[in-house]
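Participant: Just to be clear, the model below is a prediction. Sequence and coordinates:
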Amino acid sequence: MNIGFIAHNSKKNLIEDFCLAYKRILEKHELYATGTTGRHIEEVTNLKVHKFLPGSVGGDRQFAEMIQRNSMDMVIFFYNPAMINPKEPDIDMISKYCDQYNIPIATNIATAESLIIGLSKGDLEWREHL
């Protein structure tokens, strides 16, 4: 499955910790991320991540294009709701496209863990038939 990751700057440590904790599950899948987030994940986990441009310079749009092609199976987007910055990746655009194309998205650690555990149990295999 294709799993996408985005994290606002204030959430980079959280996404690193998350990917490190679930490395054994993630290593069985194709990982995609905006540039800086992808680099952080690779450095901490040694997992291979397909990287787009950094979110602030168009990586979020590249990410959204993959969603629009229905080529992303799950998205984890850790953002800071208290500090929306136009230079950060666009949570509204990404979540709208995920809803439009029926792609599961997690925007907090609790939902992300539920999705990853479900992924490990095969609960997202329905995505392979789309």
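Facilitator: Alright, I've got the coordinates.
Participant: For the biggest helix by length in the chain, enumerate the helices and strands it packs against.
Facilitator: Secondary structure assigned by DSSP state H gives helix 109-121 as the longest helix of the chain. In terms of contacts (3 or more Cβ pairs under 8 Å, 6 or more residues apart in numbering; DSSP states H and E), helix 109-121 is packed against helix 12-21, helix 23-26, strand 74-78, strand 105-106. Backbone N, C-alpha and C define where each C-beta goes, glycine included.
Participant: out of the ones you listed, nearest to residue 38?
Facilitator: helix 12-21 (10.0 Å; Cβ to Cβ).
Participant: which residues are in contact with the host helix or strand of residue 61?
Facilitator: Using DSSP states H and E, residue 61 maps to helix 59-68. With Cβ atoms under 8 Å, 6 or more residues apart in numbering as the test, helix 59-68 has contacts from 2, 4, 6, 32, 34-35, 51-53, 55, 72, 75, 89-90, 93-94, 97-98, 101, 103.
Participant: Repeat the analysis, applying 7 Å as the threshold.
Facilitator: Residues from elsewhere that reach helix 59-68, judged by Cβ atoms under 7 Å, 6 or more residues apart in numbering: 4, 6, 32, 34-35, 52-53, 72, 89-90, 93-94, 97-98, 101, 103.
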